[in-house]
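Asks: predicted model and sequence below, questions to follow.
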Amino acid sequence: MILSMTDICKDYPMGKSVTNVLKNVNLSVSEGDYIAIMGPSGSGKTTLMNIIGCLDVPTSGTYVFGEKDVKKLRKKQLADLRNKKIGFVFQSFNLLPKLSALDNVALPLLYGGVRRSERRKRAKEALERVGLSDRLHYRPDQLSGGQCQRVAIARAIVGNPALILADEPTGALDSQSGAQVMDIFHTLHEQGATILMITHDQNVAENAETIIRIRDGVLTGGDQNA
Amino acid sequence: MFENIGLAFQGVFSHKLRSFLTMLGIIIGIAAIITIVSTIKGTNEQIKKNLIGSGTNTVDVSLNRDDNEYDLQWSPLPEGVRVITEEDIQELQKLPGVLDVSAYRYRGYADGVYYLNTAYSGELYGVDRHYFHTNNYRVNSGRGFIEEDFTEFHKVMIVESTVASSLFNGEDPVGKTVELMGEPYTIIGVAAQTIVNEPVINNLQDYYMYAGNSGGAIFIPDVCWDISYRYDEPQKVLVRAESTDEMATAGKAVADALTERVISGNTYTYKASDLLEQASNLQSLSQSTNNQLIWIAGISLLVGGIGVMNIMLVSVTERTREIGLKIAIGARGRRILWQFLTEAAVLTLMGGILGVGAGIGLAYMLSNVLGTPVAISIPACVIAVAFSTLIGIIFGLVPAVKASRLNPIEALRHE
């Protein structure tokens, strides 16, 4: 078991009233899972993603990541948990424009306190895994959108995280680049990675083993893809 | 940490114009301070050099009444003070650090001295056997004082070379007769002080301070002083130390020993003039205006600091997404804080270095234009750079804390 959520609720105050964005969400992710969480915009999927990624805290309910109750972790420990256990892939890549691909990928290792030579070695390996070993020293503005997202995936996997968390990873890409990214996720999954992906696109979601739908803050069970 | 510094330098150089404009306040402030400090230090060193460094290492020891210098011209020897004798001098010479000691009487403007029908209006000294050696005089023509001049009360006179040219129209004064209080004195020699360092004179004030009396000086044996002026006058004492470093101790030792030997009662004391005190009195004149200037420079630094803060806040806003990403992938708040503090510190560090350079340049430029002396103080430069870096850290704190406390979710969504 990588994570389990029990009765997670998230409320946002909207002026005088309160919006319940998540209502009693229960979710568990085991090692090797490849899950897509699907829902229209405003369904609460981004909030769920933020809570899973330990960027946000639930209003109520229990969220256990690994063996740890996330609610009890301090800010510093949360940062370390995000650094070591979770790899983020964002819709808009979020690469640092002034750093080379290699340095971008090595960034989480820098925050994890890994030595410089080790950082470079592992970042190179990660870029090889996403097929960009010939682009190590290119800056993001010298790479295509698909290549940028592959650099971002390399950054997510460089620390061997327990969970890869992808938020609309193909949202900013053309269909061909999107398919490439999905291929990479597929390969990573076959190699044993645990992937949780958020999307509103049925075609993208169908790449996952399990699709969980979310609507108005409520999860509606999982369809198993073959 | 080193990555931060490297990245900070990259950041500064990637926005050259912006970085320079941000630094400008710091540069101006530091440059102003360095210019002022260099000029102050130069002036002070020159004052000290002028006062101490006439090269003779001499200290004046004079009679004081209740801490005020006793005016010994035209005054009788006060109650409880006796005349300093040759025996006293010989004892004083044995004190540590003392090369020679001389007791003398002195008139700033001699009265009753004539050559033919010309009145002399310079200084007059009644000196003992040691004066010329103590005050580093050299006899250029004729002869110096000899033992018999003192024991036989010879009415002889030695004149300074300036007197030789002013009173005698360039004729050789040796052998000429001069009237002093109605008595004839024979000039036996012409002497001049061997000066190692000429005082540097930049303005009229300096001229009055250091140039002394241009009328020159006339010397007679002190034994004849009583005869011509009819009464004992108190004496001044000149101490020549073995080295510049021993001037203060030698002067004080002689003054204390003199007080002990020749004075009874507590009203009068012999005191050595404190050259450093004199120097600091002179310095304090210029100090007050300089302090105001430093305050103004300080305001410039404050404004510069606020400029740095402003730009750092802009930088934090511009890089909100970057910060959000870093926090998301596990950078601790403290690391973000340090990143921005380092950037601000690097910015002001470079501003400080440029400011020191500009300040040194400006000080030398002023020196060329206005003739002010310059002395670069290495500690002042180091402190200035350190201080400007500190300004960066202080004024970078607010933006850095702001950055480190960003909410990553909102930061990532920031456009």
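Replies: Alright, I've got the coordinates. These numbers come from a predicted model, not from an experiment.
Asks: what residues are up against the closest residue to chain A within the stretch 301-415 of chain B?
Replies: Across the stretch 301-415 of chain B, the shortest distance to chain A (C-beta to the nearest C-beta) belongs to B:Gly330, at 2.3 Å. (C-beta placed from N, C-alpha, C; glycine too.) Each residue near B:Gly330 by C-beta atoms under 8 Å, 6 or more residues apart in numbering or on different chains is listed here: A:Ala79, A:Asp80, A:Leu81, A:Arg82, A:Asn83, A:Lys84, A:Pro108, A:Tyr111, A:Gly112.
Asks: what helix or strand does the closest residue to the last one other than its chain neighbours sit in?
Replies: Yep, that's A:Gly112 we're talking about. The shortest distance from A:Gly112 to any residue other than its chain neighbours is 5.2 Å, reached at A:Asn83 (C-beta to C-beta, 6 or more residues apart in numbering or on different chains). A:Asn83 is located in helix A:75-85, with elements delineated by DSSP states H and E.
Asks: list the helices and strands that helix packs on?
Replies: Packed against helix A:75-85, as judged by 3 or more C-beta pairs under 8 Å, 6 or more residues apart in numbering or on different chains; DSSP states H and E, are the following elements: helix A:101-111, helix B:333-370.
Asks: tilt between it and helix B:333-370?
Replies: With axes from the mean of the first three to the mean of the last three C-alpha atoms, to 10 degrees as the basis, helix A:75-85 and helix B:333-370 are set at 110 degrees to each other.
Asks: for helix A:75-85, which outside residues touch it?
Replies: Under C-beta under 8 Å, 6+ apart, the answer for helix A:75-85 is A:53-55, A:65-66, A:68, A:70, A:73, A:88, A:108, A:111-112, A:159, A:161-163, B:327-333.
Asks: A:Thr210 contacts A:Ile37, doesn't it?
Replies: No. Using C-beta atoms under 8 Å, A:Thr210 makes no contact with A:Ile37, being 9.4 Å away.
Asks: these two - which one has more neighbours?
Replies: Here A:Thr210 and A:Ile37 are set side by side on neighbour count (other C-beta atoms under 10 Å in any protein chain shown), and the busier one is A:Ile37, at 27 against 17.
Asks: what is the helix or strand harbouring that one packed up against?
Replies: Element membership of A:Ile37 [criterion: DSSP H and E] is strand A:34-38. Other elements packing on strand A:34-38 under the criterion 3+ C-beta pairs under 8 Å, 6+ apart are helix A:45-52, strand A:195-199, helix A:202-205, strand A:210-215.
Asks: and A:Phe90, what does it touch?
Replies: With C-beta under 8 Å, 6+ apart as the criterion, the residues that contact A:Phe90 are A:Ala152, A:Asp167, A:Pro169, B:Leu325, B:Leu412.
Asks: where does chain A have low pLDDT?
Replies: A:221-226 (pLDDT under 70).
Asks: show me where it has strands.
Replies: A:3-14, A:17-29, A:34-38, A:60-65, A:68-69, A:86-89, A:163-167, A:195-199, A:210-215, A:218-224 (DSSP state E).
Asks: check the stretch 201-350 of chain B too.
Replies: Ranges of strands within the stretch 201-350 of chain B are B:217-221, B:236-241, B:268-272, based on DSSP state E, counting those that start in this stretch.
Asks: now the residue in chain A positioned nearest to chain B: how far from A:Pro40?
Replies: Ranked by C-beta to the nearest C-beta, the top residue of chain A for proximity to chain B is A:Asn83, at 2.3 Å. According to C-beta to C-beta, to the nearest Å, A:Asn83 and A:Pro40 sit 32 Å apart.
Asks: need the contact list for B:Lys176.
Replies: Applying C-beta under 8 Å, 6+ apart, we find B:Lys176 in contact with B:Tyr115, B:Phe168, B:Thr186, B:Ile187.
Asks: so which of those residues sit within strands?
Replies: Using DSSP E, the contacts of B:Lys176 in strands are B:Tyr115, B:Thr186, B:Ile187.
Asks: out of these, which comes closest to chain A?
Replies: Scanning the ones in strands among the contacts of B:Lys176 for proximity to chain A, where the rule is C-beta to the nearest C-beta, the winner is B:Ile187, at 87.9 Å.
Asks: what's the burial count for that closest one?
Replies: With neighbours defined by other C-beta under 10 Å, the count for B:Ile187 comes to 23.
Asks: cool, B:Gly265 as well?
Replies: One way to gauge burial is a neighbour count; for B:Gly265, by other C-beta under 10 Å, it gives 10.
Asks: returning to that earlier point: would CSV of the strands of chain A with distance to A:Ala179 be doable?
Replies: Written out in CSV, the entries for these read as follows (distance: least, C-beta to C-beta, whole Å):
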stretch, distance to A:Ala179
strand A:3-14, 28
strand A:17-29, 25
strand A:34-38, 15
strand A:60-65, 31
strand A:68-69, 37
strand A:86-89, 16
strand A:163-167, 15
strand A:195-199, 14
strand A:210-215, 18
strand A:218-224, 21
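Asks: of those, which approaches B:Pro76 most closely?
Replies: The minimum distance between B:Pro76 and the strands of chain A falls on strand A:3-14, with 99.1 Å, by C-beta to C-beta.
Asks: hmm, back to that, who's more crowded, A:Asn83 and A:Pro40?
Replies: Between A:Asn83 and A:Pro40, counting by other C-beta under 10 Å, A:Asn83 is the more crowded of the two (22 against 11).
Asks: so which residues on chain A come close to chain B?
Replies: A:50, A:53, A:55-56, A:75-76, A:79-84, A:88, A:90, A:94, A:96, A:98, A:107-108, A:110-112, A:155 (C-beta under 8 Å from any C-beta of the partner chain).
Asks: and the residue nearest to B:Leu325 when sequence neighbours are not counted, what is it in contact with?
Replies: On the basis of C-beta to C-beta, 6+ apart, the spatially nearest residue to B:Leu325 that is not a chain neighbour turns out to be A:Asn94, at 4.3 Å. For A:Asn94, the contact set (C-beta under 8 Å, 6+ apart) comprises A:Ala152, B:Arg321, B:Gly324, B:Leu325, B:Ala328, B:Leu412.
Asks: quick one: the helices in the stretch 201-350 of chain B?
Replies: For the stretch 201-350 of chain B, applying DSSP state H, counting those that start in this stretch gives helices covering B:204-210, B:222-229, B:247-262, B:275-318, B:320-328, B:333-370.
Asks: any weak-confidence spans in the stretch 301-415 of chain B?
Replies: Low-confidence regions of the stretch 301-415 of chain B, defined here as pLDDT under 70, do not occur.
Asks: near chain A, which residues of it?
Replies: Neighbours of chain A within the stretch 301-415 of chain B, by C-beta under 8 Å from any C-beta: B:321-322, B:324-333, B:335, B:408-409, B:412.
Asks: between those residues, which is nearest B:Val156?
Replies: Proximity of these to B:Val156 was ranked by C-beta to C-beta; the top entry is B:Arg335 with 88.8 Å.
Asks: contacting residues around the residue nearest to that closest one when sequence neighbours are not counted?
Replies: Nearest non-adjacent residue to B:Arg335, counting by C-beta to C-beta, 6+ apart: A:Tyr111, 6.6 Å away. Shown in contact with A:Tyr111 (C-beta under 8 Å, 6+ apart): A:Ala79, A:Asn83, B:Lys326, B:Ile329, B:Gly330, B:Ala331, B:Arg332, B:Arg335.
Asks: please redo it, this time with the cut-off set to 6 Å
Replies: With contacts defined as C-beta atoms under 6 Å, 6 or more residues apart in numbering or on different chains, A:Tyr111 is in contact with A:Asn83, B:Gly330, B:Ala331.
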